[in-house]
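Asker: just to be clear, the model below is a prediction. Sequence and coordinates:
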Amino acid sequence: MGRAKAEKKARREKQKQARRMRRWLVGGAALVVVIGGAVYYRPRTQVPQVGDHWHAKLEIVICGKREPPLPPSPGGIHAHGGNDEQIHIHPASGADSGTQANLGRFFDGLKIRFTASMIELSGGRLFKEGDPCPDGNSGDLEVRVNGRRISYPRAYVPQDGDRIQIRFGS
């Protein structure tokens, strides 16, 4: 009877090991599905490539007053001037494509100093955090893309169809 008892115990131990292995395999497979789904369904930010032709609407409002459209500028991310309120993004080289096609490069092409806390428009008109508006209230610089505030505007790569609004005021 001792041998039968030992065989029964060994069989039970093998079954326990098999159950543990199945749990690990099922858990591992579930983890792979969850991670794979997260990677597959994550929001994708596209970047413009050479040959693309994208547009983003740009509006600048200083102390409640809408600024006129920006003058023409050079490069693969530029303004046309006139009544055109669009940022035109059509890279002709790698230097203006991908993550390089950002708002910082756009404003640099216009010779406009622009950071997360200040903007200097034509004629040296500088507006920085805390400066007062004509109503006496201190101003805050805010950049919104499609209604959502962004924290690092110079690095933002405009997407085709974006609505970008830069506001300084209270």
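Answerer: Thanks, I have it.
Asker: check which helices and strands the lowest-mean-pLDDT helix or strand in the chain is in contact with.
Answerer: Ranked by mean pLDDT, DSSP states H and E, the helix or strand of the chain with the weakest confidence is helix 2-41, at a mean of 74. The helices and strands touching helix 2-41, judged by 3 or more CB pairs under 8 Å, 6 or more residues apart in numbering; DSSP states H and E, number zero. Placement of C-beta: from N, CA and C, glycine included.
Asker: begin at 19 from here
Answerer: Got it, first residue is 19 now, which makes that one helix 20-59.
Asker: quick one, longest strand in this protein?
Answerer: What stands out as the longest strand in the chain, according to DSSP state E, is strand 72-80.
Asker: so the residue sitting nearest the centre point of the chain versus residue 132, what's the distance?
Answerer: Relative to the mean C-alpha position of the chain, the nearest C-alpha, by CA atoms, centre = their mean, is the one of residue 174, at 5.6 Å. Distance of residue 174 to residue 132, given as CB to CB, to the nearest Å: 11 Å.
Asker: residues shared between the contacts of the two?
Answerer: Between them, residue 174 and residue 132 share these contacting residues under CB atoms under 8 Å, 6 or more residues apart in numbering: residue 121.
Asker: who touches residue 74 in this structure?
Answerer: Listed by CB under 8 Å, 6+ apart, the contact partners of residue 74 are 104-105, 107, 176-182.
Asker: can you rerun that using 7 Å?
Answerer: Applying CB atoms under 7 Å, 6 or more residues apart in numbering, we find residue 74 in contact with 104-105, 107, 176-177, 180, 182.
Asker: low-confidence ranges, the protein, go.
Answerer: Residues of the chain that meet the criterion pLDDT under 70 lie in 19, 48, 54-63.
Asker: pop the domain breakdown of it in here.
Answerer: Under automatic domain parsing, the residue ranges defining each domain of the chain are 19-60, 72-187.
Asker: many thanks, I have nothing further to ask.
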